[in-house]
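Enquirer: Coordinates for the following, if possible.
(one chain, ligands or ions: 2)
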Amino acid sequence: MAYIEFRGICKSYDGINQVLKNIDLTIEKGELVTLLGPSGCGKSTLLRSLAGLEDINSGQIILDGEDITDTPVQKRGIGMVFQQYSLFQNMNVEENIAFGLKIAKMDKAIIEKKVKAAIEMVDLSGKEKSYPSQLSGGQQQRVAIARAIVMEPKVLLLDEPLSAIDAKLRRELQEKIKKVQKELKITTIFVTHDQDEAMIMSDRIHLMNQGIIEQSGQPVQLYTHPVSKFSAEFIGHYNILTPEQLTNFFPEKRFPGNYYAIRPETFLLSSDPINDPSFMTFEAEVMDFISRGNVLRYTLKCKDVTFTSEVLFRSFALFDVGSVVHVGIEEHNLLMLND
Ligand code: ADP
Ligand code: MG
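Expert: Ligands and ions are numbered 1, 2, ... in the order given. Model (predicted):
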């Protein structure tokens, strides 16, 4: 039996618009899963319903074999970290982390031991006496995480905890969270709208779209096998082309699907004709290119159809804007989508 089960969860704030539409979702013990999706798709609402911070209209939530649908917040054993740093400003790091244990009237010596271990786990040794105002955003989030894990919750919920933190530090914190999660084997639900972050962090991704789970799977599965147009657009920067558009490239071929998804890096670009028979080929004009780190992203056009292609940045293989290139694609890289 799964550790967490959402069964038929429906939620509306105004009685009209369904924010969660009959969600069924299971999460295994010890997993780090991501709820990924655009802003407003219902990620926080689903998370808050598990925490007990939001009532649901119908459905059931099971945690560790127990129906917690009507269990009060404090009795659910769930730890939560939000995007906004929610530390007590008048307490130092130690006091912030110890707060919940004190409320639980735990023995003083045990509190000290647990707080010390939590501080070490998030690499904040030396900052015990600092106040939140003396810490960076990243450090404050580490305190918030320590404050949550010190309670040994059954589930740790992280709602866009890194969204306000700059890119470089965010990478470090992603690694830190993963490490802590694996050490403690704590079942964790991480919410993000950032597909790269989801790819880096997760054992499994649950991609949400307007109140439903669009697709669930391991990061690589979602990346290589999107089930819908929405998945393909959200993960992997796929080009989405209609059969009519593809017919422009390959007039002799027929395309029965509704849409086709093509990953930008699966196109082969060449200044010479491509003679390898495993490639379907056409010619396109270079409209534009930008460099994204070690990748060059070309915008190409063939008979009014614009698409993108990505190649590793090798200075000897640049194509000028306005030049015509030979483009090749293997047929198996055209993924047929039905909606
Ligand atoms: P996400 O976390 O994916 O950005 P949310 O779960 O916060 O999405 O919100 C989903 C939808 O519910 C949005 O359309 C949002 O405007 C609406 N919503 C969220 N909270 C409330 C609320 N307290 N009252 C009314 N509508 C809300
Ligand atoms: Mg949210």
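Enquirer: use CA for all of it now, contacts and neighbours both
Expert: Fine.
Enquirer: Report the secondary structure element holding the closest residue to C302 other than its chain neighbours.
Expert: Nearest non-adjacent residue to C302, counting by Cα to Cα, 6 or more residues apart in numbering: A284, 4.7 Å away. Here A284 sits within strand 279-292, counting by DSSP states H and E.
Enquirer: in its sheet, what does that strand sit against?
Expert: Sheet pairing here is set by DSSP bridges, and for strand 279-292 it gives strand 295-302 (antiparallel), strand 324-330 (antiparallel).
Enquirer: Mind checking the ones you listed for the one nearest to ligand 1?
Expert: Go through the strands paired with strand 279-292 one by one with Cα to the nearest ligand atom and the one that ends up closest to ligand 1 is strand 295-302, at 29.2 Å.
Enquirer: still on that earlier bit, redo the strands paired with strand 279-292 as TSV? Include mean neighbour count, mean pLDDT and distance to ligand 1.
Expert: Written out in TSV, the entries for those read as follows (neighbours: other Cα atoms under 10 Å; pLDDT from 0 to 100; distance: least, Cα to the nearest ligand atom, whole Å):
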stretch	mean neighbour count	mean pLDDT	distance to ligand 1
strand 295-302	19	95	29
strand 324-330	19	96	36
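Enquirer: mind giving me TSV with these and columns for distance to V143?
Expert: Compiled in TSV, these are given as follows (distance: least, Cα to Cα, whole Å):
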stretch	distance to V143
strand 295-302	36
strand 324-330	49
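Enquirer: ok, the residue positioned nearest the centre of the chain to L53 distance?
Expert: The geometric centre of the chain, computed from its C-alpha atoms, lies nearest to A198 (Cα atoms, centre = their mean), at 2.7 Å. When distances are taken as Cα to Cα, to the nearest Å, A198 and L53 turn out to be 24 Å apart.
Enquirer: Same question for the longest helix along the chain: list its buried residues.
Expert: Ranked by residue count under DSSP state H, the longest helix found in the chain is helix 167-184. Under the neighbour-count criterion of 16 or more other Cα atoms under 10 Å, helix 167-184 has R170, L173, Q174, K176, I177, K178, V180, Q181 buried.
Enquirer: which bits of this protein sit near ligand 1?
Expert: Y13, V19, S39, G40, C41, G42, K43, S44, T45 (Cα under 6 Å from any ligand atom).
Enquirer: Out of these, who's the most crowded?
Expert: Compared across the residues of the chain next to ligand 1, K43 has the highest neighbour count, 30 neighbours, by other Cα atoms under 10 Å.
Enquirer: Tell me how many other residues surround the nearest residue to it once chain neighbours are set aside.
Expert: Once its chain neighbours are removed from consideration, K43 has its nearest residue in L35; the separation is 6.3 Å (Cα to Cα, 6+ apart). Using other Cα under 10 Å, the number of residues around L35 comes to 26.
Enquirer: Surely L35 forms part of a strand?
Expert: Yes. Counting by DSSP: H, G, I helix; E, B strand; the rest coil, L35 is located in a strand.
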